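Visitor: Starting from these lines, generate the structure:
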Amino acid sequence: MATTRKDVLKVEIDDRPGTLNELFTKVAAAGANLDVIAASPGGPGKSAVFIGSDNQDTLKEVAGLFKLPVAEYAGFTLSGEDAIGAAAEVTKPLADAGVNIEIASALVSDGKYKTVILVDSSNSRRPPGCSERNREMTR
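Guide: Here you go, the predicted model:
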């Protein structure tokens with residue numbers, strides 16, 4: 001299993017046709033390449049969009065320019081061979097460390113899985129094996 005530390009922003013946008021495209025267009029114009037995208041219903045009339053990039057500062061600048069509410073999440077991207085119990089194996093180190101998973105998303109294709117797990121940055125502890133220096137979790 002390959003695991004990498006990934007910081008992600010939660011951006012709140014209006015829940016109406018085209019707003020997600022508007023956000024993505026602004027991010028692209030600012031030169032940030034998104035490598036994590038997830039969206040879900042937010043509060044009344046709002047959507048929560050989780051975005052990650054190799055340039056988080058640019059994402060924060062875009063959100064700030066358009067006065068979009070933002071929350072920061074620490075997260076991990078994980079990938080490996082799909083098998084029965086893969087989700088349990090992936091989440092066990094976090095559970096054992098007492099880290100609460102806020103958001104999880106996964107996709108399986110051609111026998112391989114790719115998962116994004118987000119934890120609340122403000123109250124989470126660094127999972128065991130997660131090196132602050134190289135920002136990667138090792139097993």
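Visitor: how about stretch 39-51 as CSV, C-alpha atoms only?
Guide: Only the C-alpha atoms of stretch 39-51 are listed here, as CSV (Å, rounded to 0.1, in the frame of the first residue of the first chain):
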residue,chain,number,x,y,z
ALA,A,39,-18.2,17.4,-3.4
SER,A,40,-21.2,16.9,-1.2
PRO,A,41,-24.2,18.8,0.1
GLY,A,42,-23.4,21.5,2.6
GLY,A,43,-25.7,23.6,4.7
PRO,A,44,-29.0,25.0,3.2
GLY,A,45,-28.3,26.2,-0.3
LYS,A,46,-24.6,25.3,-0.1
SER,A,47,-22.3,22.6,-1.3
ALA,A,48,-19.0,21.5,0.4
VAL,A,49,-16.2,21.0,-2.1
PHE,A,50,-13.0,19.3,-1.0
ILE,A,51,-10.0,20.2,-3.2
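Visitor: For the residue lying farthest from the centre of the chain, grab phi and psi.
Guide: Distance from the C-alpha centroid of the chain, by Cα atoms, centre = their mean, peaks at Ile84 (23.7 Å). Reported as degrees, to the nearest 10, the phi and psi values for Ile84 are phi -60, psi 130.
Visitor: Over to the one 10 residues further on?
Guide: In terms of degrees, to the nearest 10, the main-chain angles of Leu94 are phi -70, psi -40.
Visitor: separation between it and Thr4?
Guide: Distance, Leu94 to Thr4, using Cβ to Cβ, to the nearest Å: 14 Å. (Glycine included, C-beta is placed from N, CA and C.)
Visitor: Between the two, tell me which one has more neighbours.
Guide: Taking other Cβ atoms under 10 Å, Leu94 and Thr4 do not tie; Leu94 has more neighbours (21 against 13).
Visitor: isn't that one right up against Thr115?
Guide: No: look at Leu94 against Thr115 with Cβ atoms under 8 Å: they stay out of range, at 11.6 Å.
Visitor: so where do the strands sit in the chain?
Guide: 2-14, 34-41, 46-53, 70-81, 101-109, 112-120, 130-131, 136-137 (DSSP state E).
Visitor: With mean pLDDT as extra columns, can I get those in a markdown table?
Guide: A markdown table is the format used below for the strands of the chain (pLDDT from 0 to 100):
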| stretch | mean pLDDT |
| --- | --- |
| strand 2-14 | 90 |
| strand 34-41 | 90 |
| strand 46-53 | 92 |
| strand 70-81 | 90 |
| strand 101-109 | 92 |
| strand 112-120 | 89 |
| strand 130-131 | 41 |
| strand 136-137 | 36 |
